[in-house]
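Student: All I have is the shape, not the residue letters:
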């Protein structure tokens, strides 16, 4: 089934110079392999078309069920040089959660359990 | 975890200069802690403080820290809570003098030990360092510092834990530092209390992880969380407390009875905040591997952190240099229904045409329509047809022409009478011309930076 990342993940984003970092965290461990498979650097670069002018790097944190994306040349110069409202990419985590991906039907039943304490 | 032993409780009180003034007071008053640590210095803060000091030699530190100490010093001394803060900015000695005065005023003369750390400020040593062959090249672009030498506003090395530990060893109740790494504010007391050696890399790395969790205040306790944010009481939010044990394990928690939440989710969100390569989190004291962090939900508002691994520190310190990179200004005007978005766009065209006729050129003119898709750009899709209002926000910048930027600030107000209808929301007056400060990250051999520690009785 088609789902938005918002339904299976949460995110936190910030800046380092003109690079935004977006940490994407599976809401349940079962969703982490799906993030690994679906949310590739290429798809993230495509998703942020018009915002991210540089390359996208991805680091895996299996221990945290998380991925860390670095979006280079994405903040209009970064820091005080940027003219944007979101000069620090604070909302880019939420922007990534707009992405739609394919979730195997057998995992669909886990979606509503947005309870982080339910994690083993 | 060492059985039975009570952990050392290190509370975070500020995540930046401008954070909630009540947070450190509540950390001290709402339950037991051993240390209160506060981070005041973002990169931009250093250049602001340097400007303040150039106007008044007694300024250049986070002034809010002084009245805060006036509120909490007595309780801290009476209950044995030691305070560590990088509130000293570019003038730690003046900050120390003010805090000494606060201690005397509170009746603690002879009873309060105030420590201060200097040696991070390289501003007066730049030419000497360049002559000696310390290039301070931009570590991202490789450019030599000479490219911006005449525009530098501040230059500070990021100090590690050693001078803070020395101040604690000498008995300081309050430790005031300038530019330290944010994380060292938390792991210095861990090293001091547990007697960790400077090459116990895994323990130090655990300390770095604890510091990263503490350094942004409530961002680890439910602030900004994307998980069930609706159920959090932000008005009363508790800031994080690290409960640290001698073997390197620690628990992230907060005071009972305060708002907020500590869960695996809130801690994980803070761990990935401003992260680069997680396998190499470089600090002055070790290199931590964030891929080794194990989180475990222990009980309500308690998350256990264990398994952290790290490796040897490098032989260099990071240096943050700021320099003047030009001028910018941001103008705003609000337009209401009907056709709010179309009117805002017409106003943007109007401004651009007027600037063009004036012959003014900018390095960039950037327009956003708040309420119609600014933050997420094209990802938000086209704006709805019947928006109740839209805020036009136009920014301009120029690397040297301040006059052009100033002229732009006078064009915004002209929209009030000589532009599209329903213009409003201009009560704030003409926009301000702002100096743009850019950052020049560099490295310096550790042997070139000698931190100094002074501890005196108030």
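Tutor: Cool, got the structure. Everything numeric here is computed off the predicted structure, so don't read it as measured data.

Student: C-alpha only now, for contacts and for neighbours.
Tutor: Will do.

Student: dump the residue contacts of residue 30.
Tutor: Just so you know, I chose chain A. Counting by CA atoms under 8 Å, 6 or more residues apart in numbering or on different chains, residue A:30 makes contact with residue A:107.

Student: please go with chain B instead
Tutor: Each residue near residue B:30 by CA under 8 Å, 6+ apart is listed here: residue B:255.

Student: following the strand or helix carrying residue B:210, which helix or strand comes up?
Tutor: Under the assignment given by DSSP states H and E, the secondary-structure element containing residue B:210 is helix B:201-214. Toward the C-terminus, helix B:201-214 is succeeded by strand B:241-244 as the next helix or strand (DSSP H and E).

Student: helices or strands next to that following strand in the packing?
Tutor: Here strand B:241-244 is seen to pack against strand B:8-14, helix B:201-214, strand B:250-253 when contacts are counted using 3 or more CA pairs under 8 Å, 6 or more residues apart in numbering or on different chains; DSSP states H and E.

Student: So in that sheet, which strands flank it, and in what orientation?
Tutor: Using DSSP bridges, the neighbouring strands of strand B:241-244 in the sheet come out as strand B:8-14 (antiparallel), strand B:250-253 (antiparallel).

Student: could I get these as CSV with mean pLDDT and mean neighbour count?
Tutor: Supplementary listing: the strands paired with strand B:241-244 in CSV, determined by pLDDT from 0 to 100; neighbours: other CA atoms under 10 Å in any protein chain shown:
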stretch, mean pLDDT, mean neighbour count
strand B:8-14, 98, 27
strand B:250-253, 98, 26
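
Student: ok, back up a step: how far out from the middle of the chain is the helix holding residue B:210?
Tutor: Centroid separation for helix B:201-214 versus its chain: 18 Å, with CA atoms, centre = their mean, to the nearest Å.

Student: which other helices and strands contact it?
Tutor: Helix B:201-214 packs on helix B:184-194, strand B:241-244, helix B:264-271, strand B:287-289, strand B:309-311, going by 3+ CA pairs under 8 Å, 6+ apart.

Student: Mind putting the strands paired with strand B:241-244 into TSV with distance to residue B:349?
Tutor: Conversion of these to TSV gives the following (distance: least, CA to CA, whole Å):
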stretch	distance to residue B:349
strand B:8-14	43
strand B:250-253	52
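
Student: Now do the same contact list for the closest residue to residue B:374 other than its chain neighbours.
Tutor: In space, not counting the residues next to it along the chain, residue B:374 is nearest to residue B:368; the distance is 5.5 Å by CA to CA, 6 or more residues apart in numbering or on different chains. By CA under 8 Å, 6+ apart, the residues touching residue B:368 are A:84, B:374, B:392, B:393, B:394.

Student: Name the helix or strand for residue B:368, please.
Tutor: Here residue B:368 sits within strand B:364-370, counting by DSSP H and E.

Student: Let me see the confidence value for the residue nearest to residue B:374.
Tutor: The model reports residue B:368 with a pLDDT of 98.

Student: How about the one 10 residues further on?
Tutor: The per-residue pLDDT reported for residue B:378 equals 93.

Student: and it, that one's in a strand?
Tutor: No: checked against DSSP: H, G, I helix; E, B strand; the rest coil, residue B:378 lies outside a strand; its state is helix.

Student: pretty sure it is touching residue A:50, no?
Tutor: Yes: in this structure, residue B:378 is within contact of residue A:50 by CA atoms under 8 Å, at 6.9 Å.

Student: what does chain A have sitting close to chain B?
Tutor: Counting by CA under 8 Å from any CA of the partner chain, the residues of chain A close to chain B are A:10-17, A:21-23, A:25, A:47-48, A:50-51, A:59-64, A:68, A:70, A:79-81, A:83-86, A:91-92, A:95, A:98, A:114, A:116-117.

Student: now the helices for chain A?
Tutor: If DSSP state H is used as the criterion, the helices of chain A fall at A:32-38, A:41-47, A:92-96.

Student: which one of the ones you listed has the most crowded surroundings?
Tutor: A comparison of these by mean neighbour count, using mean count of other CA atoms under 10 Å in any protein chain shown, puts helix A:92-96 on top with a mean of 23.
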